[in-house]
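K.L.:
Sharing a model that was predicted from the sequence below.
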Amino acid sequence: MGMAASQARFLGLTRRKHDIQCELSKLSMQKMSLTRDMNKVSKEYQASISTKKLQMSCGSANYVDMSYSNLMTPNSVNQNNPYILTDMKGRVVVDEKYKEYAEMISADGTPGDWSECRSEVLARLTGLSEEDIDNADGYYMAFLDNQDALYQLDEQEPLNRSSFTHQDSNSLKNLLQKLGSAGSISDWASAYEDSNQKISTSDISSVMEAINSNLGKYFLEDSGKFKSACDVVKESLLGNPNVTEISVKDLIDKLIGAYKTEGGAFASSAYADAQGNTYPVWYDVDSAAYAEYKQKHDAWQAERDEAERIMKESLEAYNQIFTADKENLIKFYDSLFSTIAEKGWSCYGEVSDSDYLNQMLQNGMFNITTVDREFVSKGNCEYSYENTYNTDIALNCKNVVQVSDSDARDAALVKYEYEKSLINSKESRVDQRMKNLETENAAISQMIQSIQNVINNNIEQNMNIFNA
């Protein structure tokens, strides 16, 4: 009976295994069909946007048609940063208006010197006086000088604290000795080593206040974090009605852990003990070494505060010359005309025609270049402007995009995303079904093997009976 049941079970499982393999084959064909559908949807989407025009955005969902004005004049579309048109030789493309100013840099379109005519050109384009433009540069360079002096002072800050810095297990005992007789403990260092020394939770508030009051100053700039750690420990103990007392060691260890969590300074792994424990860094502010350090540091801090005040005053003087709008205009034209001075220029009268501009861009006759212009320190109080160019402004740039000329690109994209989501959903269901079947198939294979072993054993036992 057992043999017959095993054989019946074996046949049933074999039939199910065959059915699974057939279904897996069908699902595999479905996946291939879904892949073909996805390729078809992609081709249809590409075909729907084959005719394109260029548009610009100002970083929002609002798009405007590509134009020379939107690229090369300050406005909200380009966010007051020029998108500079260049021709195939890398020269800046100018219209008839800009040609007048470009000729002041170089009459024949070759590179020239922007600094010679900068004040005059900026004054004519912005309506500001040449005197204010020249003064602004002087104020800004004064600000950079003062900023550089401040940076140099930062590098001179007295930071050598090694003579009064402690960061090991022995120094922890020394730190605890500075607690004196806070609370009911007369000797905290000894109590830390004695597990029988306990503190009632009813005294925790006063004890933690005493610890912070007595030890906080030894953590210098981390004293606020040390106080926060004391508060955390106090609240955790008071908030647990099941705890009526705590040993001194557990209390201090809990405080050290909280201080580390608060981001307080800890010794590096080089100071870890044999058990891997690290200890907080603290400073012996009672020592003569600290008094000497503090005197030097206070003198340095006073000098730095004065340098920072002077720097802020020079920056304020610079900011008072121009409004933010005028400063943006100067920045825009500085970037544009300094690029003309470095790359040269070429005039195209038709560039103001948007259709002409679109064709030239899409055919690769024109390119779009952005520029990052910075005032760079050369040392010894010398500064100069430097331009960094980026010509990798593809048509999928966040501010420059290709769209269907019939304005159907958005609709095509919505359709594409919808159909793609349907295909992906079907594919996910197929993948999940295949995964489940493969899991079942593996389990059935194991069961078939087990039943085969049983059948083989029964046959062998029966044969042994006849051979006996």
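P.N.:
Perfect, I can see it now.
K.L.:
Assumed Asp372 was part of a helix.
P.N.:
No. With DSSP: H, G, I helix; E, B strand; the rest coil as the criterion, Asp372 is strand rather than part of a helix.
K.L.:
Quick check, it in contact with Asn387.
P.N.:
Yes. Asp372 lies in contact with Asn387 (Cβ atoms under 8 Å); the separation is 7.1 Å. C-betas here are computed from N, CA, C, even on glycine.
K.L.:
And these two? Which one has more around it.
P.N.:
Neighbours around Asp372 and Asn387, counted as other Cβ atoms under 10 Å, are more numerous at Asn387. The numbers are 15 against 11.
K.L.:
Confirm that that one sits in a helix.
P.N.:
No. With three-state DSSP as the criterion, Asn387 is located in strand rather than a helix.
K.L.:
tell me the pLDDT at it?
P.N.:
Predicted confidence (pLDDT) for Asn387: 86.
K.L.:
Does it touch Val371 like I think?
P.N.:
Yes. Using Cβ under 8 Å, Asn387 is in contact with Val371, at 5.1 Å.
K.L.:
Show me the common contact partners of the two, please.
P.N.:
Common contacts of Asn387 and Val371 (Cβ atoms under 8 Å, 6 or more residues apart in numbering): 335, 338-339.
K.L.:
any idea how the chain splits into domains?
P.N.:
Split into domains by automatic domain parsing, the chain comes to 2-49+409-467, 54-128+322-404, 168-280.
K.L.:
ok, of those, where does mean pLDDT dip lowest?
P.N.:
Looking at the domains of the chain, the weakest mean confidence is domain 2-49+409-467, a mean of 76.
K.L.:
picking that back up, could I get the shared contacts of Asn387 and Val371 as JSON lines with neighbour count, secondary structure and distance to Arg91?
P.N.:
Below are the shared contacts of Asn387 and Val371 laid out as JSON lines (neighbours: other Cβ atoms under 10 Å; DSSP: H, G, I helix; E, B strand; the rest coil; distance: Cβ to Cβ, whole Å):
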{"residue": "Ser335", "neighbour count": "19", "secondary structure": "helix", "distance to Arg91": "16"}
{"residue": "Ser338", "neighbour count": "19", "secondary structure": "helix", "distance to Arg91": "14"}
{"residue": "Thr339", "neighbour count": "23", "secondary structure": "helix", "distance to Arg91": "10"}
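K.L.:
residue boundaries of the helices in the stretch 251-400 of the chain?
P.N.:
288-319, 324-343, 354-362 (DSSP state H, counting those that start in this stretch).
K.L.:
for the longest one, packing partners?
P.N.:
For helix 288-319, the contact count by 3 or more Cβ pairs under 8 Å, 6 or more residues apart in numbering; DSSP states H and E identifies helix 130-155 as packing neighbours.
K.L.:
tally of neighbours for Gln275?
P.N.:
Every residue meeting other Cβ under 10 Å relative to Gln275 is counted, giving 6.
K.L.:
Can you dump the C-alpha atoms of stretch 421-431 in CSV for me?
P.N.:
Below are the C-alpha coordinates for stretch 421-431, written out as CSV (Å, rounded to 0.1, in the frame of the first residue of the first chain):
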residue,chain,number,x,y,z
SER,A,421,3.7,51.7,-16.9
LEU,A,422,1.1,49.2,-18.2
ILE,A,423,3.8,47.1,-19.8
ASN,A,424,6.0,47.3,-16.7
SER,A,425,3.0,46.3,-14.6
LYS,A,426,2.4,43.2,-16.7
GLU,A,427,6.0,42.4,-16.7
SER,A,428,6.2,42.6,-13.0
ARG,A,429,3.2,40.2,-12.7
VAL,A,430,4.9,37.8,-15.1
ASP,A,431,8.2,38.0,-13.2
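K.L.:
ok, and what's touching it?
P.N.:
27, 30-31, 34, 37-38, 41.
K.L.:
For stretch 21-30, which residues meet the burial criterion?
P.N.:
Using 16 or more other Cβ atoms under 10 Å as the test for burial, stretch 21-30 gives 27, 30.
K.L.:
C-alpha coordinates for it, PDB please?
P.N.:
Extracted in PDB, the C-alpha atoms of stretch 21-30 (Å, rounded to 0.1, in the frame of the first residue of the first chain):
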ATOM      1  CA  GLN A  21       7.700  23.900 -17.000                       C
ATOM      2  CA  CYS A  22       5.000  24.400 -19.700                       C
ATOM      3  CA  GLU A  23       3.700  27.400 -17.900                       C
ATOM      4  CA  LEU A  24       7.200  28.800 -17.500                       C
ATOM      5  CA  SER A  25       7.700  28.500 -21.200                       C
ATOM      6  CA  LYS A  26       4.500  30.400 -21.900                       C
ATOM      7  CA  LEU A  27       5.500  33.100 -19.400                       C
ATOM      8  CA  SER A  28       8.900  33.400 -21.100                       C
ATOM      9  CA  MET A  29       7.100  33.900 -24.400                       C
ATOM     10  CA  GLN A  30       4.900  36.600 -22.800                       C
END
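K.L.:
Now do that stretch: distance to the chain's middle.
P.N.:
Computed by Cα atoms, centre = their mean, to the nearest Å, the chain-centroid distance of stretch 21-30 equals 45 Å.
K.L.:
Make 9 the first number, not 1, from now on.
P.N.:
Yep, numbering from 9; the last one is stretch 29-38 now.
K.L.:
contacts for it?
P.N.:
Outside of stretch 29-38, the residues within contact range by Cβ under 8 Å, 6+ apart are 434, 438, 441-442, 445-446, 449.
K.L.:
Then stretch 99-111?
P.N.:
Contact with stretch 99-111 is made by 76, 80, 92-95, 117, 125, 129, 132-133, 344-345, 347-348, 351-357, 359-360, 374, as judged by Cβ under 8 Å, 6+ apart.
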